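Colleague: I would like to see how this sequence folds:
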Amino acid sequence: MSLTLYYHPLASYCHKVLIALYENGTEFEKKLVDLGDAQQRAELQALWPLAKFPVIRDHARGIDLPETSVIIEYLDRFFPGPRPLVPHDWGEALEARLWDRVFDNHVQGPMQEIVNDRLRGTNNDMGHARAALDTAYAVIDRQLGDHEWIVGDDFGLADCAAAPALFYASTLRPFPAGCDRLAAYFERLVERPSVKRTLDEAKPWFRFYPFAETIPQRFR
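Modeller: Residues are numbered from 1 along each chain as shown. Coordinates of the predicted model:
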């Protein structure tokens, strides 16, 4: 097997890369990493000293790649699917990368802050993080306009980022009334075969999510 993905099935950033792999129909081996296990953590750290997943190893080329957006661009270049995940047109590619960053920084970011607060048991006021999600939701709703996916009519890089970000964020801060385009977009995302497969594989692990009780029953 040419590719090995070092990952955890509960991690939202790992979901992002899994969705891209499934979209492209890429064959790969999964290597689950438990960061609490010293040996497994050391194995990951040997690939990427920051010891954060996902990391993908291309055995044929001798390359180890961290960082989800970089991984997806690499997959698009060397393991392409039926449609590019990053548009060939420069302007469209720039827009895809912009919205990829919006989901990673402005949806995943506040979401992770709220989750980490519960994991640490610090019980800080997370009002600012929830307000940041509301702002991001409004921006995304406006961007959607009348097209199917976040930057047009083709599923791509930014949608890979959107699915896990919105899935977990919505368990902490439901979409506000009036964000109808966002709500409809979320439904299209979770029905996408690549996303559905990723969520189905995560089901056995959802009980370890700190806000497991807020995951809608249809996903459990």
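Colleague: Mind listing what's buried along whichever strand or helix holds Gln40?
Modeller: Using DSSP states H and E, the element containing Gln40 is helix 38-47. For helix 38-47, the neighbour count (16 or more other C-beta atoms under 10 Å) marks Gln40, Leu44, Leu47 as buried. C-betas here are computed from N, CA, C, even on glycine.
Colleague: Strands along the chain, start to end?
Modeller: For the chain, the strands defined by DSSP state E occupy 3-7, 29-32, 55-58, 63-66.
Colleague: contact partners of the first one?
Modeller: If I follow you right, that is strand 3-7. Outside strand 3-7, the residues that touch it by C-beta atoms under 8 Å, 6 or more residues apart in numbering are 14, 17-18, 21, 26-33, 43-44, 47, 53-59, 79.
Colleague: Same check on stretch 122-133?
Modeller: Taking C-beta under 8 Å, 6+ apart as the rule, stretch 122-133 contacts His106, Val107, Gly109, Pro110, Met111, Glu113, Ile114, Asp117, Ala169, Leu172, Arg173.
Colleague: now those in a markdown table, with pLDDT, neighbour count and distance to Gly152?
Modeller: Output for those, formatted as a markdown table (pLDDT from 0 to 100; neighbours: other C-beta atoms under 10 Å; distance: C-beta to C-beta, whole Å):
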| residue | pLDDT | neighbour count | distance to Gly152 |
| --- | --- | --- | --- |
| His106 | 98 | 19 | 20 |
| Val107 | 98 | 26 | 19 |
| Gly109 | 97 | 16 | 25 |
| Pro110 | 98 | 24 | 26 |
| Met111 | 98 | 27 | 25 |
| Glu113 | 97 | 17 | 30 |
| Ile114 | 97 | 22 | 31 |
| Asp117 | 96 | 16 | 36 |
| Ala169 | 98 | 28 | 23 |
| Leu172 | 98 | 19 | 28 |
| Arg173 | 97 | 21 | 27 |
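Colleague: Of those, just say which sits nearest to Val70.
Modeller: Comparing the contacts of stretch 122-133 against Val70 with C-beta to C-beta places Gly109 closest, at 18.0 Å.
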